[in-house]
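**Q** what would the 3D arrangement of this be:
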Amino acid sequence: MRENDVAREIVDAAFKIHTGLGAGLLESVYEAVMAYELRKRGLRFERQKPIPVVYEGMDLGEGFRADFIVEDLVIIELKSVEVVVPVHKKQLLTYLRLTNKHLGLLINFNTDLIKNGITRIVNNL
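**A** The predicted structure follows:
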């Protein structure tokens with residue numbers, strides 16, 4: 001699978017989750033259900049994956065935790081917030097750069113229409 005194929009499956013899962021549960025739940029609930037949906041679809045993923053920060057060749061230890069890395073290709077950052085602010089998008093782009101991944105999906109479930117809560121972030125794709 002390629003990044004776009006994986007992303008299509010993730011977006012489809014997000015639509016299904018939002019249709020079933022709606023908005024307003026805690027991020028941890030959406031994370032648990034997303035894991036269930038990804039597993040049902042046969043996608044390999046790591047959840048809450050610690051990612052080290054390497055600066056000038058020195059490993060500084062864990063820098064952040066990726067909500068999901070799917071098929072070792074796509075990073076998913078889940079939110080359940082009133083408004084996605086620019087720093088959320090910048091964080092995901094930084095995660096992509098640190099992991100040398102090319103595609104990330106920022107998914108905010110706290111929206112009336114999930115299509116308005118999905119932002120695609122690319123890093124040299």
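
**Q** am I right that Pro50 is in a strand?
**A** Yes: counting by DSSP: H, G, I helix; E, B strand; the rest coil, Pro50 falls inside a strand.

**Q** spatially nearest residue to it, not counting backbone neighbours?
**A** Spatial nearest neighbour of Pro50, excluding adjacent residues (C-beta to C-beta, 6 or more residues apart in numbering): Glu62 at 4.5 Å. Yep, even glycine has a C-beta here, placed from its N, CA and C like the rest.

**Q** okay, and Phe68 sits in which element?
**A** Per DSSP states H and E: Phe68 is located in strand 58-70.

**Q** partners of the following helix or strand past that strand in the sheet?
**A** The element immediately downstream of strand 58-70 (helix or strand, assigned by DSSP H and E) is strand 74-79. When sheet partners are counted by DSSP bridges, strand 74-79 sits next to strand 58-70 (antiparallel), strand 103-108 (parallel).

**Q** quick one: strand 74-79 to chain centroid distance?
**A** Counting by C-alpha atoms, centre = their mean, to the nearest Å, strand 74-79 is centred 1 Å from the centre of its parent chain.

**Q** need the residues that contact that strand.
**A** Under the criterion C-beta atoms under 8 Å, 6 or more residues apart in numbering, residues 3, 6-7, 10, 27, 30-31, 34, 66-70, 88, 91-92, 95-96, 99, 101, 103-110, 117 lie in contact with strand 74-79.
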